[in-house]
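K.L.:
would you be able to build a 3D model of this:
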Amino acid sequence: MNTDNLPSFQRYQLAFTAHIRDPLHQPRPQGVAASGMAVYKEIVFNNLFASVSACFPVAQKVIGKRAWLNLTRAFLREHAANTPIFRQIPEEFLSFLADSTSTRPLLLPPYLLSLCHYEWIELLVASIEAPKLDDEAINRQGDLLTEQPVFTPTMQLLSYDYAVHEISPRNKPKQQQSTQLLVYRNIEDEVKFIAVNSITFRLLSLLKQNKSTGKQALTLIADDMHTDSPEKIIQFGLQALEDLKNLGVIIGTLKPKSPPDKKLIS
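P.N.:
Sure, this is the predicted structure:
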(Lines give C-alpha, C1' and ligand atoms only; values in the text may rest on other atoms or scores of the structure.)
Protein backbone atom coordinates (compact mmCIF):
# COMPACT_ATOMS: atom_id res chain seq x y z
CA MET A 1 0.00 0.00 0.00
CA ASN A 2 1.41 3.39 -1.05
CA THR A 3 1.06 5.79 1.86
CA ASP A 4 3.09 8.68 0.45
CA ASN A 5 0.02 10.76 -0.39
CA LEU A 6 -1.64 10.28 2.99
CA PRO A 7 -1.57 12.95 5.72
CA SER A 8 1.24 12.51 8.23
CA PHE A 9 -1.08 11.48 11.07
CA GLN A 10 -2.54 8.65 8.96
CA ARG A 11 0.92 7.43 7.99
CA TYR A 12 1.80 7.44 11.68
CA GLN A 13 -1.37 5.45 12.56
CA LEU A 14 -0.64 2.86 9.89
CA ALA A 15 2.96 2.47 11.00
CA PHE A 16 1.88 2.23 14.64
CA THR A 17 -0.71 -0.51 14.03
CA ALA A 18 1.55 -2.34 11.56
CA HIS A 19 4.20 -2.65 14.26
CA ILE A 20 1.64 -3.92 16.76
CA ARG A 21 0.46 -6.58 14.31
CA ASP A 22 3.92 -7.64 13.12
CA PRO A 23 6.68 -6.31 15.39
CA LEU A 24 9.32 -8.60 13.88
CA HIS A 25 9.00 -7.19 10.37
CA GLN A 26 7.43 -3.73 10.77
CA PRO A 27 9.64 -1.06 12.39
CA ARG A 28 8.57 0.88 15.45
CA PRO A 29 7.46 4.42 14.49
CA GLN A 30 10.01 7.13 15.12
CA GLY A 31 9.56 9.01 18.35
CA VAL A 32 7.76 6.17 20.16
CA ALA A 33 9.55 4.77 23.19
CA ALA A 34 10.13 1.00 23.11
CA SER A 35 8.69 0.64 26.63
CA GLY A 36 5.48 2.44 25.70
CA MET A 37 5.14 0.48 22.48
CA ALA A 38 5.57 -2.77 24.39
CA VAL A 39 2.57 -1.90 26.54
CA TYR A 40 0.35 -1.45 23.49
CA LYS A 41 1.58 -4.67 21.89
CA GLU A 42 0.94 -6.65 25.07
CA ILE A 43 -2.55 -5.23 25.63
CA VAL A 44 -3.71 -5.78 22.05
CA PHE A 45 -2.36 -9.29 21.74
CA ASN A 46 -3.46 -10.44 25.20
CA ASN A 47 -7.03 -9.24 24.59
CA LEU A 48 -7.12 -10.95 21.21
CA PHE A 49 -5.59 -14.13 22.59
CA ALA A 50 -8.07 -14.26 25.49
CA SER A 51 -11.08 -13.78 23.21
CA VAL A 52 -10.00 -16.45 20.73
CA SER A 53 -8.90 -18.96 23.38
CA ALA A 54 -12.15 -18.61 25.34
CA CYS A 55 -14.21 -19.64 22.31
CA PHE A 56 -11.99 -22.52 21.19
CA PRO A 57 -10.75 -24.33 24.33
CA VAL A 58 -10.71 -27.81 22.77
CA ALA A 59 -8.88 -26.69 19.64
CA GLN A 60 -6.30 -24.96 21.80
CA LYS A 61 -5.62 -28.15 23.78
CA VAL A 62 -5.60 -30.36 20.70
CA ILE A 63 -2.84 -28.51 18.83
CA GLY A 64 -0.89 -27.48 21.95
CA LYS A 65 -0.02 -24.18 23.65
CA ARG A 66 2.91 -23.23 21.42
CA ALA A 67 1.09 -23.93 18.14
CA TRP A 68 -1.99 -22.07 19.40
CA LEU A 69 0.10 -19.08 20.41
CA ASN A 70 1.77 -18.98 17.00
CA LEU A 71 -1.57 -19.37 15.23
CA THR A 72 -3.07 -16.47 17.18
CA ARG A 73 -0.06 -14.30 16.38
CA ALA A 74 -0.50 -15.15 12.69
CA PHE A 75 -4.18 -14.19 13.00
CA LEU A 76 -3.25 -10.77 14.37
CA ARG A 77 -0.50 -10.30 11.81
CA GLU A 78 -2.25 -11.44 8.64
CA HIS A 79 -6.02 -11.17 8.94
CA ALA A 80 -7.95 -8.06 7.91
CA ALA A 81 -11.19 -8.15 9.90
CA ASN A 82 -14.47 -7.06 8.37
CA THR A 83 -15.97 -5.87 11.65
CA PRO A 84 -14.79 -3.80 14.64
CA ILE A 85 -17.17 -5.60 17.03
CA PHE A 86 -15.14 -7.39 19.69
CA ARG A 87 -17.54 -10.30 20.24
CA GLN A 88 -17.25 -11.19 16.56
CA ILE A 89 -13.52 -11.89 16.81
CA PRO A 90 -14.09 -15.69 16.99
CA GLU A 91 -16.02 -15.56 13.70
CA GLU A 92 -13.17 -13.59 12.14
CA PHE A 93 -10.80 -16.27 13.42
CA LEU A 94 -12.83 -18.86 11.51
CA SER A 95 -12.44 -16.81 8.33
CA PHE A 96 -8.70 -16.67 8.94
CA LEU A 97 -8.57 -20.44 9.46
CA ALA A 98 -10.52 -21.06 6.25
CA ASP A 99 -7.82 -19.18 4.35
CA SER A 100 -5.02 -20.79 6.36
CA THR A 101 -6.09 -24.34 5.51
CA SER A 102 -4.99 -23.70 1.93
CA THR A 103 -1.83 -21.72 2.74
CA ARG A 104 -0.65 -23.87 5.66
CA PRO A 105 -1.82 -27.40 4.75
CA LEU A 106 1.15 -29.10 6.44
CA LEU A 107 1.07 -27.06 9.64
CA LEU A 108 -2.57 -27.33 10.67
CA PRO A 109 -4.56 -30.51 11.33
CA PRO A 110 -7.08 -31.04 8.52
CA TYR A 111 -9.93 -31.19 11.04
CA LEU A 112 -9.05 -27.93 12.85
CA LEU A 113 -11.44 -25.68 10.91
CA SER A 114 -14.35 -28.07 11.47
CA LEU A 115 -13.52 -28.38 15.16
CA CYS A 116 -13.35 -24.61 15.60
CA HIS A 117 -16.62 -24.12 13.73
CA TYR A 118 -18.24 -26.69 16.04
CA GLU A 119 -16.96 -24.80 19.09
CA TRP A 120 -17.98 -21.40 17.67
CA ILE A 121 -21.54 -22.50 16.89
CA GLU A 122 -22.20 -22.79 20.63
CA LEU A 123 -21.41 -19.09 21.02
CA LEU A 124 -23.64 -18.25 18.06
CA VAL A 125 -26.64 -20.21 19.32
CA ALA A 126 -26.20 -18.87 22.86
CA SER A 127 -26.33 -15.29 21.58
CA ILE A 128 -29.05 -15.59 18.92
CA GLU A 129 -31.88 -13.15 19.55
CA ALA A 130 -34.76 -15.47 18.76
CA PRO A 131 -37.78 -13.69 17.27
CA LYS A 132 -40.97 -13.77 19.25
CA LEU A 133 -43.21 -16.55 18.00
CA ASP A 134 -46.80 -15.97 16.98
CA ASP A 135 -48.65 -18.30 19.34
CA GLU A 136 -51.86 -17.83 17.39
CA ALA A 137 -50.20 -19.38 14.33
CA ILE A 138 -48.76 -22.40 16.17
CA ASN A 139 -50.60 -25.50 17.30
CA ARG A 140 -48.58 -26.83 20.24
CA GLN A 141 -50.32 -30.21 19.99
CA GLY A 142 -50.46 -30.42 16.21
CA ASP A 143 -50.07 -33.56 14.11
CA LEU A 144 -46.43 -33.82 13.03
CA LEU A 145 -47.31 -35.95 10.01
CA THR A 146 -50.22 -34.10 8.48
CA GLU A 147 -49.12 -30.58 9.42
CA GLN A 148 -45.93 -28.56 9.02
CA PRO A 149 -43.63 -28.84 12.05
CA VAL A 150 -42.33 -25.59 13.54
CA PHE A 151 -38.77 -25.56 14.93
CA THR A 152 -37.33 -23.41 17.63
CA PRO A 153 -35.69 -20.39 15.93
CA THR A 154 -32.32 -21.25 17.45
CA MET A 155 -32.01 -24.64 15.73
CA GLN A 156 -28.96 -25.14 13.53
CA LEU A 157 -28.18 -28.18 11.34
CA LEU A 158 -24.49 -28.96 10.96
CA SER A 159 -22.63 -31.39 8.72
CA TYR A 160 -18.92 -32.11 9.10
CA ASP A 161 -16.33 -34.42 7.56
CA TYR A 162 -15.06 -35.32 11.03
CA ALA A 163 -16.66 -36.46 14.30
CA VAL A 164 -15.94 -33.05 15.83
CA HIS A 165 -17.95 -33.73 18.99
CA GLU A 166 -15.57 -36.58 19.86
CA ILE A 167 -12.27 -34.78 19.28
CA SER A 168 -10.02 -34.26 22.30
CA PRO A 169 -6.26 -34.17 23.01
CA ARG A 170 -6.43 -37.96 23.41
CA ASN A 171 -8.77 -38.55 20.49
CA LYS A 172 -7.46 -36.94 17.33
CA PRO A 173 -9.13 -38.26 14.17
CA LYS A 174 -6.92 -40.09 11.70
CA GLN A 175 -9.54 -40.22 8.96
CA GLN A 176 -12.72 -38.48 7.89
CA GLN A 177 -16.09 -39.52 9.28
CA SER A 178 -19.30 -37.95 8.00
CA THR A 179 -21.06 -36.42 11.00
CA GLN A 180 -24.42 -34.65 11.31
CA LEU A 181 -25.36 -32.60 14.35
CA LEU A 182 -28.31 -30.56 15.53
CA VAL A 183 -27.73 -27.69 17.95
CA TYR A 184 -30.36 -25.56 19.67
CA ARG A 185 -31.07 -23.54 22.82
CA ASN A 186 -33.65 -25.05 25.16
CA ILE A 187 -36.19 -23.24 27.34
CA GLU A 188 -33.59 -23.00 30.13
CA ASP A 189 -31.32 -21.12 27.66
CA GLU A 190 -28.87 -24.03 27.61
CA VAL A 191 -27.15 -24.85 24.32
CA LYS A 192 -27.59 -28.52 23.46
CA PHE A 193 -26.02 -30.68 20.75
CA ILE A 194 -27.65 -33.80 19.32
CA ALA A 195 -25.97 -36.26 16.95
CA VAL A 196 -28.45 -37.38 14.27
CA ASN A 197 -28.26 -40.00 11.54
CA SER A 198 -28.31 -39.16 7.85
CA ILE A 199 -32.04 -39.89 7.40
CA THR A 200 -33.06 -37.63 10.28
CA PHE A 201 -30.72 -34.93 9.02
CA ARG A 202 -32.30 -35.11 5.55
CA LEU A 203 -35.78 -35.04 7.08
CA LEU A 204 -35.04 -31.94 9.14
CA SER A 205 -33.36 -30.22 6.20
CA LEU A 206 -36.39 -30.85 3.98
CA LEU A 207 -38.82 -29.61 6.63
CA LYS A 208 -36.79 -26.49 7.25
CA GLN A 209 -36.25 -25.63 3.60
CA ASN A 210 -39.41 -26.78 1.85
CA LYS A 211 -42.04 -25.96 4.48
CA SER A 212 -43.66 -29.34 3.95
CA THR A 213 -45.61 -31.61 6.28
CA GLY A 214 -43.86 -34.46 8.04
CA LYS A 215 -45.49 -37.04 5.81
CA GLN A 216 -44.63 -35.19 2.61
CA ALA A 217 -40.94 -35.01 3.55
CA LEU A 218 -40.81 -38.64 4.68
CA THR A 219 -42.57 -39.84 1.54
CA LEU A 220 -39.97 -38.03 -0.57
CA ILE A 221 -37.16 -39.67 1.41
CA ALA A 222 -38.77 -43.11 1.02
CA ASP A 223 -39.12 -42.57 -2.74
CA ASP A 224 -35.46 -41.58 -3.03
CA MET A 225 -34.43 -44.68 -1.11
CA HIS A 226 -36.54 -46.93 -3.41
CA THR A 227 -37.69 -48.84 -0.37
CA ASP A 228 -40.35 -51.53 -0.48
CA SER A 229 -41.61 -50.45 2.95
CA PRO A 230 -42.21 -46.69 2.90
CA GLU A 231 -44.44 -47.04 5.95
CA LYS A 232 -41.38 -48.06 7.98
CA ILE A 233 -39.57 -44.87 6.95
CA ILE A 234 -42.63 -42.82 7.86
CA GLN A 235 -42.94 -44.51 11.25
CA PHE A 236 -39.22 -44.05 11.92
CA GLY A 237 -39.43 -40.38 10.97
CA LEU A 238 -42.50 -39.77 13.09
CA GLN A 239 -40.74 -41.22 16.12
CA ALA A 240 -37.73 -38.96 15.48
CA LEU A 241 -39.98 -35.91 15.22
CA GLU A 242 -41.80 -36.80 18.42
CA ASP A 243 -38.49 -37.23 20.24
CA LEU A 244 -37.37 -33.80 19.04
CA LYS A 245 -40.68 -32.30 20.15
CA ASN A 246 -40.17 -33.73 23.63
CA LEU A 247 -36.73 -32.08 23.69
CA GLY A 248 -38.11 -28.70 22.65
CA VAL A 249 -36.51 -28.64 19.20
CA ILE A 250 -39.98 -28.81 17.63
CA ILE A 251 -42.43 -26.47 19.34
CA GLY A 252 -45.57 -27.45 17.47
CA THR A 253 -47.07 -27.26 14.00
CA LEU A 254 -48.19 -24.43 11.81
CA LYS A 255 -51.92 -23.86 11.93
CA PRO A 256 -53.52 -23.87 8.48
CA LYS A 257 -54.58 -20.43 7.41
CA SER A 258 -58.29 -19.83 7.36
CA PRO A 259 -59.67 -18.79 3.99
CA PRO A 260 -60.77 -15.15 3.85
CA ASP A 261 -64.42 -14.48 4.47
CA LYS A 262 -66.37 -14.11 1.24
CA LYS A 263 -68.68 -11.16 1.32
CA LEU A 264 -71.80 -11.14 -0.78
CA ILE A 265 -71.87 -8.44 -3.38
CA SER A 266 -75.28 -6.81 -3.51
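K.L.:
which of the three states applies to residue 183?
P.N.:
strand (DSSP: H, G, I helix; E, B strand; the rest coil).
K.L.:
what sits against it?
P.N.:
Under the criterion of Cβ atoms under 8 Å, 6 or more residues apart in numbering, the neighbours of residue 183 are 121-122, 125, 155-156, 158, 191-194. All C-beta atoms are positioned from the backbone trio N, CA, C, and that covers glycine.
K.L.:
will you turn the residues you listed into CSV that also has distance to residue 141, neighbour count and pLDDT?
P.N.:
CSV is the format used below for those (distance: Cβ to Cβ, whole Å; neighbours: other Cβ atoms under 10 Å; pLDDT from 0 to 100):
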residue, distance to residue 141, neighbour count, pLDDT
121, 31, 18, 97
122, 31, 15, 94
125, 26, 18, 95
155, 20, 21, 95
156, 26, 15, 96
158, 29, 18, 97
191, 27, 18, 96
192, 23, 16, 96
193, 27, 16, 97
194, 23, 16, 97
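K.L.:
mind listing the strands for the protein?
P.N.:
Residue ranges of the strands in the chain, as given by DSSP state E, are 138-139, 149-151, 156-160, 179-185, 191-196, 250-254.
K.L.:
give the buried residues for the longest one.
P.N.:
Neighbour-count burial for strand 179-185, with 16 or more other Cβ atoms under 10 Å as criterion, is recorded at 179-185.
K.L.:
the inter-axis angle of it versus strand 250-254?
P.N.:
Put simply, strand 179-185 runs at 80 degrees to strand 250-254, going by axes from the mean of the first three to the mean of the last three Cα atoms, to 10 degrees.
K.L.:
partner strands of strand 179-185, parallel or antiparallel?
P.N.:
strand 156-160 (antiparallel), strand 191-196 (antiparallel) (DSSP bridges).
K.L.:
nothing else from me, thank you.
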